[in-house]
Every structure is written in structure tokens, then in C-alpha cells.
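*Asks:* fold the stuff below for me.
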Amino acid sequence: MALPSTIHRVTIQLSDVDRGIYESLQATVARHPSETEERLVARLLAYALFFEPELTFTKGISATDEPDLWLKGPDGRVLLWVEVGLPEADRIIKASRHTGRIALIACGKTLSSWEQQHLPKLDGISNLTLISFDQSFISSLTSRLDRSITWEVTINDGSLYINVGDETLETTLQLRAGNR
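*Replies:* Model prediction:
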């Protein structure tokens, strides 16, 4: 018998000073049994970083032909394709040809070797935004993960602040390509 997905109820108070977005976001997110908590945290960070009113979570890890999040236009075309993790460069290159914008939150324990292998292949993709995070920041958020997630997220001058309970975690957005 297959294990069920873990359901997380998410509330994010978003203050994206850099983009002038101030929203209260509500979402219900399923974490597939094969998805790590770190990857779930990265998906939630991507949701906050690239938030637009119609941005939605996809089937994610269980659908290999979809990104983790996307924004579709009224005609069904993908306007924004958002990936998290350390995908193959070919996947990003292919997606960049079929969407207006592509964003990648690159994170994982093998980030440095991934960057050496894949960043040169991604150079020159004009519609790509690539941001990475320190693994310690992701780990800090993962250690505070619960089924009910409440974050206050502030993005200002390339820094990301997240209030979780009575603690504030901070990191710098490491922009590797494009702009947010």
C-alpha cells in the first residue's frame, strides 16, 4: 500500500518591499512521500519570492512534465515556470523555450557541484532567474516545519527575513542569473 501525502496548511504574510507586494497568502500544500522536507521548504520560498495572484502549485514531483509552480495566461500558455532543487540543465533549457519566464530556486546538499556542472550550460538564457540559498538556511526552516505553517516573510534589498513563531531567520538572496 502506498504512503499518503502529508498535507500542510500554509499562511504567509508577505511583504516584498523590492516588488511592492503586500499580501496574506493561504495555501494547502501536499508533500509527496518521496519529497524531502527541504524541498517542501524550497517550494514555499519559491511561492513567496515569485508570488503573483494566479501563481499555483502543480502536481510537482509526481508530474515530470510540470514545474513545481506555474503561472498560466488566459490562453493556457505558461507565463512563468518555477522549479526548485537541482534539475538537469537540459530541463531548464527546454522549459525556457516554452515559457515567458523561468525561475529556479537552486538548493540542495550538492549545490556547489551542481553549479560547476550546470551553470555554464545555463549561461545565456535571457528569460532565466536563478536564485540559490545556503543549505543551513533551508535546514533552519525545516527544523521548524509543522503541519500548520505560519511565516511572516519580508524581502528587502536582496535579503530575505522569515519570522517563524518568535524567531527571525535571515539570508541573502544569492542571485546567480537574471533578475527577480
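*Asks:* please count neighbours and contacts with C-alpha atoms only from this point.
*Replies:* Noted.
*Asks:* for F137, see how far away E52 is.
*Replies:* 24 Å (CA to CA, to the nearest Å).
*Asks:* and the strands in this protein, which stretches?
*Replies:* Taking DSSP state E, the strands of the chain run over residues 6-16, 21-31, 56-57, 69-72, 78-85, 101-106, 128-132, 148-156, 159-164, 167-172, 174-177.
*Asks:* packing partners for the last one?
*Replies:* Strand 174-177 makes packing contacts with strand 128-132 when contacts are defined by 3 or more CA pairs under 8 Å, 6 or more residues apart in numbering; DSSP states H and E.
*Asks:* give the contact list for the residue lying closest to E23 once chain neighbours are set aside.
*Replies:* Distances taken as CA to CA, 6 or more residues apart in numbering place L14 nearest to E23, at 5.2 Å, with adjacent residues excluded. Contacts for L14 (CA atoms under 8 Å, 6 or more residues apart in numbering) come out as I21, Y22, E23, S24, L25, A48, E152, V153, T154.
*Asks:* what is the burial count for A42?
*Replies:* 25 (other CA atoms under 10 Å).
*Asks:* same deal with W70?
*Replies:* Neighbours around W70, by other CA under 10 Å: 25.
*Asks:* bridge partners for it, pull those for me.
*Replies:* Using DSSP bridges, the bridge partners assigned to W70 are T56, W81.
*Asks:* gap between the residue positioned nearest the centre of the chain and G124?
*Replies:* The residue lying closest to the centre of the chain (CA atoms, centre = their mean) is A46, at 2.3 Å. To G124, A46 is 22 Å away according to CA to CA.
*Asks:* hey, what's I105 bridged with?
*Replies:* V84, I131.
*Asks:* number of nearby residues for it?
*Replies:* Using other CA under 10 Å, I105 is surrounded by 25 other residues.
*Asks:* now do the contacts for it.
*Replies:* Here I105 is in contact with A42, A46, V82, E83, V84, G85, L130, I131, S132, F133 (CA under 8 Å, 6+ apart).
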